[in-house]
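Peer 1: What follows is a predicted protein model with its sequence.
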Amino acid sequence: MAQAREIFKTRLGFLLIAAGCAVGIGNVWRFPFIVGQYGGLYFVLMYLFFLLALGIPLLTVELAIGRASRASMAYCYEELEQKGSRWHINKWWQFSGNYFLMAFYVVVAGWMLYYFLSFAFGDIPQDITRDAAGADFGALLGDPVLMYTCVLATVIFSFAIVALGVIRGLERYTKPLMIVLIVLLAFMACRSVTLDGFADGMKFYLAPDFSKLENNFGEAVWAAMGQAFFTLSVGFGAIAIFGSYMSEKHKILNEAIFIATFDTIIAFLSGVVIFPACFTYGIEPDAGPNLLFITMTVVFSHMSFGNFWGALFFLFMVIAAVSTMIAVFESSIAGCMELLKWGRKKAVIINFFFIILICLIPLLGFNVLSWVQPLGEGSCTLDFFDFLVSNNIMPIGSMVLVLFVCAKNGMTFKRYIDECNVGKGFNMSYKLYGYYKYILTLIVAVVLAVGYYQIYMKLFG
């Protein structure tokens, strides 16, 4: 049986921590760019549609499973499945998603810390060129000792919070971290309004432009669907763990809407910060790591008080990364405590050493192991870990969870809806059964299939 659960003392604590799990690096280095690339406001509308049709329902599934079972992925199936069924077999590979994700995520968080410190201590030269910024980023990737030092700092900080428990650790410290994140982003967004390139940047970002969709409509639909799915960190139990700590005072749909809305606002405001700055200084915006570590480095180096603004921006990114790390580490810790009957201290120590060892594989993939290219020429070990999580565990895990709540030998749809409707707020209807079992699973299957198609085309196309 699952161990007794701590419950968050405040609703705000639960909401901000669960939202912190969803808010991550992809909100900044992917969402703003694809909005500008695929038609501005038209893309935002498509994204919001898929958020309602896909993202929020999947959030309610994980939260309901967590709250109904009062268990992590290690025992939620056993607590809810019907006697004699074997749904619990899925926990093993789904639970592994916590470790595969953190193996490469902590490396990227280390990059954020490095750039925050570089700007804070004035190590970024004024008016740096794009080539020089690219060379600096390349030098960081080629220095495993420096990278590992930054990774250790973020991992130690995150595990120190998790070690204190749900109320004394997660709720006490993650809540103010998320508030600081909001204040930083709002401050930088307000500052963007004063830049000369604000109008041009916002035009590129949000102006409805159907011409950008005419030849890329299918790509745009996939991008909107994929962003609505991947941005919420569903499928491997990181959200379910917070469902197991939430109270029964409020209905699950309300909480899912808040988490999805908060995540979207952070992603939207990131574009308000990035594009006006890029257009002010005539620097072409990019996506992915290049956007943060090359493009934005160049942009801040050209600003008055650039080190200050650069430090603020990367402090925001560090907090966004660390909030996700804390959430996923808690999922791992709770799972080990339930599955292996460890105390929290033992679970924290063993998980800490496991993470700082397994992260060496993606970290060394940029230097010592650069000859290993598992997904074709130009790929690295970090790409492979990302592929395992994003293209496999998250979509397949989400599909399994939806089928689990629909199955007569699983949680059953009636119990799922009953759990969702406990407390104050918006009710969910039993009439959604057909949509969940057939339409929602089909949408997730499309996400899975398109991901594999993209990998296939990269390797053989």
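Peer 2: Sure, I can see it.

Peer 1: Kindly tell me how buried D196 is, as a neighbour count.
Peer 2: When counting by other CB atoms under 10 Å, one arrives at 11 neighbours for D196. The way it works is simple: take the backbone N, C-alpha and C, and place the C-beta from them, glycine included.

Peer 1: which one is it nearest to, not counting chain neighbours?
Peer 2: Nearest residue to D196, sequence neighbours excluded (CB to CB, 6 or more residues apart in numbering): T280, at 5.1 Å.

Peer 1: now the longest helix along the chain: mean pLDDT?
Peer 2: Ranked by residue count under DSSP state H, the longest helix found in the chain is helix 306-340. Averaging pLDDT along helix 306-340 gives 92.

Peer 1: and it, which residues are buried?
Peer 2: Residues 306-307, 309-339 are the ones in helix 306-340 that count as buried (16 or more other CB atoms under 10 Å).

Peer 1: Then stretch 217-233?
Peer 2: 220-233.

Peer 1: cool, stretch 259-276 as well?
Peer 2: Within stretch 259-276, the residues that count as buried by 16+ other CB under 10 Å are 259-260, 262-276.

Peer 1: residues contacting A327?
Peer 2: Contact analysis of A327 by CB atoms under 8 Å, 6 or more residues apart in numbering lists 17-18, 20-21, 233, 238, 241-242.

Peer 1: So which of the residues you listed wins on neighbours?
Peer 2: Busiest of the contacts of A327 [other CB under 10 Å] is A18, holding 32 neighbours.

Peer 1: give me the element the closest residue to that residue other than its chain neighbours is part of.
Peer 2: Leaving out its chain neighbours, the residue that sits closest to A18 by CB to CB, 6+ apart is F242, at 4.4 Å. In this structure, F242 sits in helix 240-243 according to DSSP states H and E.

Peer 1: chain center to whichever strand or helix holds A160: distance?
Peer 2: Secondary structure from DSSP H and E places A160 in helix 144-163. In terms of CA atoms, centre = their mean, to the nearest Å, the centre of helix 144-163 is set 18 Å apart from its chain centre.

Peer 1: Please spell out which residues along that helix are buried.
Peer 2: 144, 147-148, 150-155, 157-159, 161-163.

Peer 1: And the average pLDDT for the next helix-or-strand element following that helix is what?
Peer 2: Using DSSP H and E, the next helix or strand after helix 144-163 towards the C-terminus is helix 175-192. Mean per-residue pLDDT for helix 175-192: 91.

Peer 1: Helix 175-192 - contacts with which helices or strands?
Peer 2: helix 11-22, helix 252-280, helix 306-340 (3 or more CB pairs under 8 Å, 6 or more residues apart in numbering; DSSP states H and E).

Peer 1: Can I get it in CSV, CA atoms only?
Peer 2: Extracted C-alpha coordinates of helix 175-192, given in CSV (Å, rounded to 0.1, in the frame of the first residue of the first chain):
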residue,chain,number,x,y,z
LYS,A,175,6.5,28.9,-4.1
PRO,A,176,8.8,32.0,-3.7
LEU,A,177,11.0,30.8,-6.5
MET,A,178,8.0,30.8,-8.8
ILE,A,179,6.9,34.2,-7.6
VAL,A,180,10.4,35.5,-8.4
LEU,A,181,10.2,33.9,-11.8
ILE,A,182,6.9,35.7,-12.5
VAL,A,183,8.2,39.1,-11.3
LEU,A,184,11.4,38.8,-13.3
LEU,A,185,9.6,37.9,-16.5
ALA,A,186,7.0,40.7,-16.0
PHE,A,187,9.7,43.2,-15.4
MET,A,188,11.6,42.3,-18.5
ALA,A,189,8.4,42.3,-20.6
CYS,A,190,7.6,45.8,-19.4
ARG,A,191,11.1,46.9,-20.3
SER,A,192,10.6,45.5,-23.8
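
Peer 1: now the angle between helix 144-163 and that helix, please.
Peer 2: 120 degrees (axes from the mean of the first three to the mean of the last three CA atoms, to 10 degrees).

Peer 1: Going by neighbour count, which residues of helix 175-192 are buried?
Peer 2: By 16+ other CB under 10 Å, the buried positions in helix 175-192 come out as 175, 177-178, 181-182, 184-185, 188-189, 191-192.

Peer 1: chain center to the helix holding F242, what's the gap?
Peer 2: Using CA atoms, centre = their mean, the offset of helix 240-243 from its chain centre is 15 Å.

Peer 1: Name the surrounding residues that touch it.
Peer 2: Under the contact criterion CB under 8 Å, 6+ apart, helix 240-243 has outside partners 14, 17-18, 21, 62-67, 72-73, 76, 252, 327, 330-331, 334-335.

Peer 1: And stretch 39-55, by the same measure?
Peer 2: With contact meaning CB under 8 Å, 6+ apart, stretch 39-55 is reached by 34-35, 37, 204-210, 212-213, 220-221, 223-225, 227-229, 231-232, 234, 260, 264, 268, 440, 443-444.

Peer 1: my guess is Y173 meets I161, correct?
Peer 2: Yes: using CB atoms under 8 Å, Y173 is in contact with I161, at 4.9 Å.

Peer 1: what do the two both touch?
Peer 2: What both Y173 and I161 touch, as defined by CB under 8 Å, 6+ apart, is an empty set.

Peer 1: So the residue lying farthest from the centre of the chain versus F404, what's the distance?
Peer 2: Centroid-distance maximum for the chain: G84 at 34.9 Å, with CA atoms, centre = their mean. Applying CB to CB, to the nearest Å, the value for G84 to F404 is 15 Å.

Peer 1: again with M147
Peer 2: The value you get for M147 to F404, if CB to CB is used, is 39 Å.

Peer 1: what does F217 give?
Peer 2: 34 Å.

Peer 1: gap between M296 and N351?
Peer 2: M296 is 32 Å from N351, by CB to CB.

Peer 1: Which of those two has more residues huddled nearby?
Peer 2: M296 (27 against 22).

Peer 1: That one: which element?
Peer 2: helix 296-301.

Peer 1: Give me every residue in contact with that helix, excluding its own residues.
Peer 2: 115, 119, 124-130, 133, 136-137, 274, 277-278, 280-281, 283, 306-307, 309-310, 313.

Peer 1: Please pick the buried ones from those residues.
Peer 2: Using 16+ other CB under 10 Å, the buried ones in the contacts of helix 296-301 are 115, 119, 124, 128, 133, 136-137, 274, 277-278, 280-281, 283, 306-307, 309-310, 313.

Peer 1: any low-confidence regions in the stretch 151-300 of the chain?
Peer 2: Within the stretch 151-300 of the chain, the segments meeting pLDDT under 70 span 287.
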